[in-house]
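[1] Structure, please.
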Amino acid sequence: MSKTPFDQLAKQLFEELLQPFGEVQISLEVPGESHLVDIYFAPIAYRNQDRSPLGLLGEMITSPCLFEPFRNPPSPSDYHRCKLKHEWIIADFYRQRDQSLSLQELPILWIISPTLSQNFLTSAGAIAKEDWCHGVYCGATPRRLPPQGNAHQDGKGRWIAVG
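    I've put the predicted structure just below:
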């Protein structure tokens, strides 16, 4: 069950947009403790559909991925919970397959936020993704993340790929 109307809307939107391109699971349960990933997507290999109508989202779904959309900037604890769920999912991938996996087979975590402060991005080790539009970053595991009270507002969303 979704906590907020935004959470429900985001899940429905992603499900509707991604369904033609692969398998979409809403509120995927994370192994271990009871945690749910908002959206899990796995592209279907034989479906070579044109993803360009989805724009940036179409570029993001070329491999398995987890989406965690936020209505407001995520707090450091939100970020860490997302990372923990991501690690649990990766561990489960390895557990389900008794063979080694390539990095391309492991899901990418996409944290979607309307804005993030420069301090937050720096603390997360976020680096702007080359050849992607402004506001898309890849990140490393942070040590400490600052609170989001003074986030920069520029009207553009922030998309962080982790892992």
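
[2] remind me, longest helix of this structure?
    Secondary structure of the chain per DSSP state H: the longest helix is helix 76-96.

[3] so what does it touch, helix or strand wise?
    For helix 76-96, the contact count by 3 or more CB pairs under 8 Å, 6 or more residues apart in numbering; DSSP states H and E identifies strand 22-30, strand 35-43, strand 65-69, strand 108-113, strand 158-162 as packing neighbours. For glycine as for every other residue, the C-beta is placed from the backbone atoms N, C-alpha and C.

[4] which one of those lies closest to Gly139?
    Proximity to Gly139 (CB to CB) singles out strand 158-162 among those, at 4.9 Å.

[5] pLDDT of the closest one, averaged?
    For strand 158-162, mean pLDDT is 51.

[6] same question, stretch 129-136
    85.

[7] on that earlier part again, mind putting the helices and strands packed on helix 76-96 into TSV with distance to Ser75?
    Output for the helices and strands packed on helix 76-96, formatted as TSV (distance: least, CB to CB, whole Å):
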stretch	distance to Ser75
strand 22-30	19
strand 35-43	16
strand 65-69	13
strand 108-113	11
strand 158-162	14
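
[8] Redo these as CSV? Include mean neighbour count and distance to Val136.
    Shown next, in CSV, are the helices and strands packed on helix 76-96 (neighbours: other CB atoms under 10 Å; distance: least, CB to CB, whole Å):
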stretch, mean neighbour count, distance to Val136
strand 22-30, 15, 21
strand 35-43, 19, 17
strand 65-69, 23, 13
strand 108-113, 22, 9
strand 158-162, 22, 5
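
[9] All set now, cheers.
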